[in-house]
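1. Okay, sequence plus prediction incoming.
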Amino acid sequence: MKAFVFIALFALAFAASSLAQQNTRPNVIIIMTDDQGYGDLGITGNPHVKTPVIDKFASKNIRFNNFYVSPVCAPTRSSLMTGRFSLRTGVRDTYNGGATMATTEVTIAEMLKQANYKTGVFGKWHLGDNYPSRPNDQGFDESVIHLSGGMGQVGDFTTYFQKDKSYFDPVLWHNGEQEKHDGYCSDIFTNQAIKFIESNQQKPFFCYLAFNAPHTPLQVPDEYYQMYKDIDPSSGFENDNRPFVKMSERDKEDARKVYAMVSNIDDNLGELFKKLDDLNIADNTLVIFMTDNGPQQTRYVAGMRGRKGSVFRGGVRVPFYMRIPALFKGEKDIEITAAHIDILPTLSEICNVELPKNRKIDGKSLLPLIQNKTIDWANRSLFFYWTRRFPEKYNNIALQKGKYKLVGLTDYNATIEDFEFFNIEEDPYEQNNIVLENKNIANNLKYELDQYYIELIGSENLINPQPIIVGSEHENPIILNRNDASGARAIWSQEEIYGKWKVSIAEGDYNVRFKFIKPLEAKGRMYLETGAIINQMQNETTDTDIIEMKNIHLTKMDCDLIPFYSTKGKSIFPFWVELEKLD
């Protein structure tokens, strides 16, 4: 038996060495689903959801059983793309103007293009909707995406007004241009990914298939809903000793829809994997399946505490499965802690391309773990946080190091006794706070947490966030949407709210259009503030949701762009603003 293990390890090491020497580079596919929690798979113990394709993929390949991400969407995506904690990249929120990644960041796509990879993204980007932060500005040759954090959300203005049909027959963005599509969103994104793979099968490619499902709004083809309409998602756990949060009737109905959306994704992945086999490229294609955070709604999450938005394990621990036929055949469980920041350095090593330079890469290559090499990861630290706008000291913040985890859900001036402290090896469901018995260890983690907090909130891209560039030949006209607007906290679909965009304007003459959520009911005055320059005009037209200001001259400036419509003592913020440079 020992001889067999030695031979297997030698073969694995030889394969990796040979791959690098021959400069053979695998294709790369990263599949990420949106708001699909750890418990939303059959293989993780859910008795209700039907995911035979993903379950088979997981059971026959490499399973990282302690894999972590950020508690919410955009931070996870920025860390995945860059190998860095999200605050370093300028991403601090999912909207509020905090989901725009700095253009100076180097993405997986840009890194792989060093080796002439063709690159494509299909689905959810959520790292900036305008130049210079769009996928095609950040290394992707081909992109078919929706805007902002989700289809049907205010930032995705091409689907927002479709309401309960926003996932069907959508207008998407193909390489920065609007394009009408027929069908259901997950089917569309998969078909576009397959089309990209077919077109690039003769060269190394990177395909990032980022489903927006099962994120809200919970819309799914009826044939899939019918599979679950009669189930009770809270049943089947009566003899389970793990914690299980009580589900309301609304939670149960949401779970039925989520499971239907997940089954649709599972079928789509069956089509994708079949295409790899049909093209005879499966053996030279690295495939990753993962999700971006915990579930948004209450449902089975394998007994873990918390869900999306929480730094408890239910919010940040996700399934992560990998297939690398050229380097490893067979199935394997890896229990050592790994995270989203590890994917870029892993691909750097496997694909034999240089890591991005002149920046701190927080992640580590996972290849040594796959190769059973001895590495010192036992006391690795991971930092988690989540609050709106910016991190709040000691509020929904955590540091995990080895088997210990310190969680702050308290005030900025809290003492160690106000924290929660867990041994997650003995207490994987984070139920027993042992801070009083372990003050010395907890204080050491608190000191390290403080150092992470101070370092990350001082990040250059956080202090000087990426502006949207207005008047560039790369995007003209440009439409500023509400997902990227800051100002008042939590700008969404409110009419009376203060909002602005951080922009860098090229000098020139502009036509500006302001779109409102509802037709204006009264005459008023339209204002456009750009730094010290204020343009305003009286509007005499009612029952319109569009106001135009033509031939405005704007000088070159970096400023806040602040639009509002003043009427009857109200200041109404536009739904979006379009600026077209005329010269």
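-> Sure thing, it's come through.

2. Tell me the bridge partners for the nearest residue to Gln536 once chain neighbours are set aside.
-> Nearest non-adjacent residue to Gln536, counting by Cβ to Cβ, 6 or more residues apart in numbering: Tyr527, 4.7 Å away. Every residue, glycine included, has its C-beta placed from N, CA and C. In this entry, Tyr527 is beta-bridged to Gln536, Phe564, by DSSP bridges.

3. measure Tyr527 to Lys500 for me?
-> Distance check for Tyr527 against Lys500: by Cβ to Cβ, to the nearest Å, it reads 12 Å.

4. Ok, Glu460 next?
-> For Glu460, the distance to Lys500 - Cβ to Cβ - is 22 Å.

5. Tell me which of these two has more neighbours.
-> Lys500 (20 against 11; other Cβ atoms under 10 Å).

6. The more buried one belongs to a strand?
-> Yes: for Lys500, which was evaluated using DSSP: H, G, I helix; E, B strand; the rest coil, the result is membership in a strand.

7. correct me, but Asp169 touches Asp182?
-> Yes: at 5.4 Å, Asp169 counts as touching Asp182 under the criterion of Cβ atoms under 8 Å.

8. for the stretch 1-150 of the chain, what spans make up the helices?
-> For the stretch 1-150 of the chain, the helices defined by DSSP state H, counting those that start in this stretch occupy 2-21, 52-59, 73-82, 86-89, 108-112.

9. rank the ones you listed by pLDDT, which is bottom?
-> If the helices of the stretch 1-150 of the chain are sorted by mean pLDDT, helix 2-21 sits at the bottom with a mean of 43.

10. among the helices and strands of this protein, which one scores worst on average pLDDT?
-> Every helix and strand of the chain was ranked by mean pLDDT, DSSP states H and E. The lowest is helix 2-21, at a mean of 43.

11. which neighbours do Tyr527 and Lys500 share?
-> Counting by Cβ atoms under 8 Å, 6 or more residues apart in numbering, the contacts common to Tyr527 and Lys500 are Ile562.

12. send the alpha carbons of stretch 205-212 over as CSV?
-> Extracted in CSV, the C-alpha atoms of stretch 205-212 (Å, rounded to 0.1, in the frame of the first residue of the first chain):
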residue,chain,number,x,y,z
PHE,A,205,-9.2,29.7,-23.0
PHE,A,206,-10.5,31.0,-19.7
CYS,A,207,-14.3,30.8,-19.3
TYR,A,208,-15.9,32.5,-16.3
LEU,A,209,-19.5,31.3,-16.1
ALA,A,210,-21.1,33.3,-13.3
PHE,A,211,-24.7,32.5,-12.9
ASN,A,212,-27.0,35.2,-11.4
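
13. What lies in contact with it?
-> Around stretch 205-212, the neighbours that count as contacts under Cβ under 8 Å, 6+ apart are 27-34, 77, 108-109, 112, 117-125, 140, 146, 150-151, 167, 185-186, 189-190, 193, 196-197, 265, 272.

14. Could I get the average pLDDT for stretch 362-376?
-> Confidence over stretch 362-376, taken as the mean pLDDT, stands at 90.

15. now the end-to-end length of that stretch.
-> Counting by Cα to Cα, to the nearest Å, the length from the leading to the trailing residue of stretch 362-376 is 15 Å.

16. Give me the buried positions along that stretch.
-> 362-370 (16 or more other Cβ atoms under 10 Å).

17. Same check on stretch 154-171?
-> Within stretch 154-171, the residues that qualify as buried are 154-160, 162, 166-168, 170, counting by 16+ other Cβ under 10 Å.

18. Ok, stretch 418-425 next?
-> Of all the residues in stretch 418-425, those buried under the rule 16+ other Cβ under 10 Å are 419-424.

19. what about stretch 467-485, average pLDDT?
-> The predicted model gives stretch 467-485 an average pLDDT of 97.

20. Ignore what I typed, I meant stretch 523-534.
-> Along stretch 523-534, the predicted confidence averages to a pLDDT of 96.

21. Likewise for stretch 214-226?
-> In the prediction, stretch 214-226 has an average pLDDT of 98.

22. burial measure for Lys60, as a count.
-> By the criterion of other Cβ under 10 Å, Lys60 has 13 neighbours.

23. How about Asn461?
-> Under the neighbour criterion other Cβ under 10 Å, Asn461 is assigned a count of 22.

24. Next: Gln226.
-> 10.

25. Show me how this structure divides into domains.
-> 26-310, 381-463, 468-581 (automatic domain parsing).

26. and among those, the most buried is which?
-> When you average the neighbours per residue for each of the domains of the chain (mean count of other Cβ atoms under 10 Å), domain 26-310 leads with a mean of 21.

27. Verify the stated contact: Leu436 with Asp418.
-> No: here Leu436 lies out of contact with Asp418, judged by Cβ under 8 Å, at a distance of 11.1 Å.

28. I'd guess Leu579 is in a strand, am I close?
-> Yes: residue assignment for Leu579, taken from three-state DSSP, places it within a strand.

29. Okay, it and Asp230: tell me how far apart.
-> Relative to Asp230, and taking Cβ to Cβ, Leu579 is found at 52 Å.

30. Please apply the same query to Ala210.
-> Here Ala210 is placed at a distance of 32 Å from Asp230 (Cβ to Cβ).

31. Then Thr337?
-> Distance check for Thr337 against Asp230: by Cβ to Cβ, it reads 40 Å.

32. Do a quick rundown of the strands in the stretch 251-400 of the chain.
-> With DSSP state E, counting those that start in this stretch as the definition, the stretch 251-400 of the chain shows strands at residue ranges 285-291, 317-318, 320-323, 332-334, 338-339, 381-385, 395-401.

33. What is the third one packed up against?
-> Counting contacts by 3 or more Cβ pairs under 8 Å, 6 or more residues apart in numbering; DSSP states H and E, strand 320-323 is packed against helix 52-59, strand 62-64, strand 285-291.

34. In a markdown table: those, plus distance to Pro135.
-> A markdown table is the format used below for the helices and strands packed on strand 320-323 (distance: least, Cβ to Cβ, whole Å):
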| stretch | distance to Pro135 |
| --- | --- |
| helix 52-59 | 25 |
| strand 62-64 | 26 |
| strand 285-291 | 18 |
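
35. Figure out which of these is closest to Val407.
-> When the helices and strands packed on strand 320-323 are ranked by distance to Val407, counting by Cβ to Cβ, first place goes to strand 285-291 at 21.5 Å.

36. all helices for the stretch 201-350 of the chain, in order.
-> 222-225, 249-278, 313-316, 343-350.

37. In TSV: the ones you listed, plus distance to Phe514.
-> Formatted as TSV, the entries for the helices of the stretch 201-350 of the chain read as follows, by distance: least, Cβ to Cβ, whole Å:
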stretch	distance to Phe514
helix 222-225	38
helix 249-278	35
helix 313-316	38
helix 343-350	40
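
38. Tell me which of these sits nearest to Ile468.
-> Closest of those to Ile468 is helix 343-350, at 25.3 Å (criterion: Cβ to Cβ).

39. Cool, thanks, talk later.
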